[in-house]
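J.: heads up, no residue letters with this:
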DNA sequence: TTGTACGCGTTATCAT
DNA sequence: ATGATAACGCGTACAA
């Protein structure tokens, strides 16, 4: 019969020391690395296995003043959180980098006012050594909290009112929107509309800016259909609205691939052929892009890399290494497929 | 000029006590609730604001022996994690319940062998008071870890080798697969195939079982196309394979809506009309179901409720309340739309 | 009502 | 190489 003791109290360093016939200090040294005789090491390792010892992280955190954990906070409203194909990839990218550095990524979901407060407490409570924030809006309260706590942080995307010194990693939304719109114009389209989602966020607003810049004097504010979410069905609604406003439309820039997919559906229903009658381009290069018929011409967003870079930014601060305190912009190549 | 002191050391109870002219004990009492004079309370609250005090969670955890946090561990391979529409909903459902009880949900992603070990350490380290595990496989190492640590847990889905006493919440995969297959048969289909994903997981295998049970003697193992992932493109591949094996196929049960969506695409390419030539049913009642043309007849999976119930199961254990230790099965109504 | 003092489980410093 | 011992910041009996 094994020692089990399943319901009794957890074993501590003290117990291990007693079982191995050494002092707590020596036990601590074999756990954290240090000079210890082979003889003692063997005895202690046996004792650890025997009593089933596992270190208490709270105690360790308290004395070392760190947690080996980094928070990953997503501030999207939950509908978006579920839909957005980028979030998951960003998360996985960040986790890979953090994992390599032996940090635990702790994912915090903010889904209510109450959540906001609890997460703030969590971040300030020494639970994490650093934090990655995804899709904060300008004037987001979290930015104040962060500044107060002074915890190493990095943003994915860059709210305009970000304090100097808090770095971000993002993409050039304005530039890439402009580029792909220009590319679309180069195919000879004359009446180009845009389906714009989440224009209350910086990324959304920037994409509209890029679109406008590309069109220049030919820009017609009436051909921008604003919808709340980056979502298939809103893409459809946006497209319908565009078609109503301008039946002769022959080009569409959708703020995301999901929007573009919805637009494609409506175009098909309307008997319009893509790309013959209407050219459509998207944004993200997500799974949507290769699922539609025809496949989408779009802008590649390096989601995993965004996460990895953000993690790296936090790790550098943690280690006191130099980092790009003004932020990093990652390249966003155009991927040209069949939809335009 | 505010006290700022941004780069100096964090304020402690000690500092607050000094600033308010009381003892540390009294400060602690106003924070955690207890008898304290209005006069002292006012002074202390002022002092807290003044020095910018925020409690150190590690210290508190150490002394109270709990963390007010519950882990949420997803064991899916990451491709699936990104694709699966249920995971997100389960997570949000769990978070809502946890949040109401003032617990912080901590999301842990397992994406490598190294992650597995680190997460195990994390769970055993007192970081969380309980844990919700999503989509563990039978013989998953995490089950052993959990049994050892003896931390309150709940599974979403139920690995067959789950220890008694560790509760789960899930759905009756076998029963609902059987039911919807029977419903499909009732529309007069004679050659019905299945696209089965992830049959190495209990949920996947159970759905095949239900399919087989419904068909009874008419079951033809050659009409089950196994694919690895619950994913649109694998649905397409599965459908192609089915069509090859049996060109006269007139009914398809897809193990998920995403698979069904892929199948629909292939059917359309093949010039087959749905539901006239072929009836198709899915599983999940996810966003996919209303995005296809025609919309999918499918089984509703109460994802958010699964998460909420799992959270409740953990909370009950935490509070020493009685709970369904044998597990809970949630109802899965059939949603009949146009695809069959 | 308030203050004192002990302990939570570790790591780190200092002798030995 | 190892063993004492002092923190780490907080909650809480217990005494006052």
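T.: Great, that's in hand. Since the structure is predicted, the reported quantities are computational estimates derived from the model, not experimental observations.
J.: which bits of chain A sit near DNA strand D?
T.: Within reach of DNA strand D by Cβ under 7 Å from any atom of the strand, chain A has these residues: A:21-26, A:29, A:34-37, A:39-41, A:59, A:62-63, A:65. Just so you know, the C-beta spots here come from the backbone N, C-alpha and C atoms, and that holds for glycine as well.
J.: quick one: which of those residues sit in helices?
T.: Under the assignment DSSP state H, those contribute A:24, A:25, A:26, A:29, A:39, A:40, A:41, A:59, A:62, A:63 to helices.
J.: which of these count as buried?
T.: Among these, the ones that count as buried by 16 or more other Cβ atoms under 10 Å in any protein chain shown are A:26, A:29, A:40, A:59, A:62.
J.: gap between the fourth one and residue B:152?
T.: For residue A:59, the distance to residue B:152 equals 21 Å [Cβ to Cβ, to the nearest Å].
J.: got the domain ranges for chain A?
T.: A:13-55, A:69-170+A:304-329, A:173-299 (automatic domain parsing).
J.: to DNA strand C, which of these lies closest?
T.: DNA strand C sits nearest to domain A:13-55 of all those, at 3.3 Å, using Cβ to the nearest atom of the strand.
J.: regarding that closest one, how distant is the last residue from the first?
T.: 8 Å (Cα to Cα, to the nearest Å).
J.: with stretch A:106-125 instead?
T.: End-to-end for stretch A:106-125, by Cα to Cα: 14 Å.
J.: and it, how far out from the chain's middle?
T.: Relative to its chain's centre, stretch A:106-125 lies at 16 Å (Cα atoms, centre = their mean, to the nearest Å).
J.: same check on stretch A:330-340?
T.: 21 Å.
J.: same question for stretch A:123-132.
T.: On Cα atoms, centre = their mean, the centre of stretch A:123-132 falls 17 Å from that of its chain.
J.: with stretch A:243-256 instead?
T.: Worked out by Cα atoms, centre = their mean, stretch A:243-256 lies 30 Å from the chain centre.
J.: re earlier: least reliable of the domains of chain A going by mean pLDDT?
T.: Sorting the domains of chain A by mean pLDDT places domain A:69-170+A:304-329 lowest, at a mean of 85.
J.: does it come close to chain B?
T.: Yes: Domain A:69-170+A:304-329 lies within reach of chain B by Cβ under 8 Å from any Cβ of the partner chain, at A:69, A:72, A:78, A:81-83, A:85, A:88-89, A:91-92, A:95-96, A:99, A:102, A:104-109, A:111-112, A:114-115, A:118-119, A:121-122, A:124-127, A:148-150.
J.: inside helices: which ones of those residues?
T.: Short answer: the residues of domain A:69-170+A:304-329 next to chain B in helices (DSSP H) are A:78, A:81-83, A:85, A:88-89, A:91-92, A:95-96, A:99, A:114-115, A:118-119, A:121-122, A:124, A:148-149.
J.: phi, psi for residue A:253 please.
T.: phi -110, psi 110 (degrees, to the nearest 10).
J.: now swap in the one 10 residues further on and tell me
T.: Backbone torsions of residue A:263, given as degrees, to the nearest 10, read phi -60, psi -40.
J.: need the contact list for it.
T.: By Cβ atoms under 8 Å, 6 or more residues apart in numbering or on different chains, the contact list for residue A:263 reads A:195, A:235, A:236, A:238, A:239, A:252, A:254, A:280.
J.: from those, which land in strands?
T.: A:195, A:252, A:254, A:280 (DSSP state E).
J.: what remains of those residues if I keep only buried residues?
T.: Buried among these by 16+ other Cβ under 10 Å: A:195, A:252, A:254, A:280.
J.: list just the nearest of those to residue A:187.
T.: residue A:280 (10.9 Å; Cβ to Cβ).
J.: who are the contact partners of that closest one?
T.: A:251, A:252, A:254, A:260, A:263, A:264, A:267, A:274, A:296, A:297, A:339, A:340 are the contacts of residue A:280 under Cβ under 8 Å, 6+ apart.
J.: tell me how far it lies from chain B.
T.: 17 Å (Cβ to the nearest Cβ, to the nearest Å).
J.: residue A:225 too?
T.: Residue A:225 is 20 Å from chain B, by Cβ to the nearest Cβ.
J.: show me the contact partners of stretch A:232-241.
T.: A:195-197, A:225-228, A:252, A:254, A:256, A:258-263, A:265-267, A:288, B:287, B:291.
J.: what about those residues, which are in strands?
T.: Those of the contacts of stretch A:232-241 lying in strands (DSSP E): A:195, A:196, A:197, A:225, A:226, A:227, A:252, A:254.
J.: quickly name whichever of these is closest to residue A:174.
T.: residue A:196 (12.9 Å).
J.: just give me the neighbour total for that closest one.
T.: As a burial measure, residue A:196 scores 23 neighbours (other Cβ atoms under 10 Å in any protein chain shown).
J.: cool, residue A:187 as well?
T.: 13.
J.: over to residue A:172?
T.: 15.
J.: from memory it sits against residue A:329, does it?
T.: Yes: Residue A:172 lies in contact with residue A:329 (Cβ atoms under 8 Å); the separation is 5.3 Å.
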